[in-house]
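> take a look and give me a structure for this.
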Amino acid sequence: MESLQVVPVDASITRRAAGLLVSRKRQRDPREWIDALIAATCLEFHLTLVTYNTRDYPYPDISLYPTSVIS
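Numbering: from 1, shown residues only. Below you'll find the predicted structure:
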């Protein structure tokens, strides 16, 4: 975990996340804000998101690296 970098959520990321939510036209679940903030952070810093839940990130231009659950 020491090699990980913490990226603070700033105004730019928040605005981008809000734009992602508006484009999706679904904001009923508070967890969608978290997914939008994660996606916006990846987009702001040109990062690839490694996730089990690619369906939670249907945003254009986001780079996803899907993983599978290992039992």
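> for S12, what are its contacts?
E44 (C-beta atoms under 8 Å, 6 or more residues apart in numbering). Placement of C-beta: from N, CA and C, glycine included.
> just the buried positions in the longest helix belonging to the chain, please.
The residue-count maximum for a helix in the chain (DSSP state H) belongs to helix 30-45. Neighbour counts over helix 30-45 (16 or more other C-beta atoms under 10 Å) mark 32, 35-44 as buried.
> helix or strand right after that helix?
strand 48-51 (DSSP states H and E).
> returning to that earlier point: just name the closest of the buried residues of helix 30-45 to L4, please.
T41 (13.1 Å; C-beta to C-beta).
> so the closest one is in contact with V9, correct?
Yes. Counting by C-beta atoms under 8 Å, T41 touches V9, with 7.1 Å between them.
> quickly list what's touching both of those two.
Joint contacts of T41 and V9 (C-beta under 8 Å, 6+ apart) do not exist.
> and the helix or strand containing G19 with helix 30-45, angle?
Assigned by DSSP H and E, G19 belongs to helix 11-24. If you take axes from the mean of the first three to the mean of the last three C-alpha atoms, to 10 degrees, helix 11-24 sits at 120 degrees to helix 30-45.
> which of the buried residues of helix 30-45 scores worst on pLDDT?
The member of these with the lowest pLDDT is E32, at 88.
> does it touch L21 like I think?
Yes. E32 is in contact with L21 according to C-beta under 8 Å; the separation is 6.4 Å.
> low-confidence ranges, this structure, go.
26-28, 69-71 (pLDDT under 70).
> now do 80
1, 24-30, 69-71 (pLDDT under 80).
> related to what we said a few turns ago, buried stuff in the helix holding G19?
13, 16-17, 20-21.
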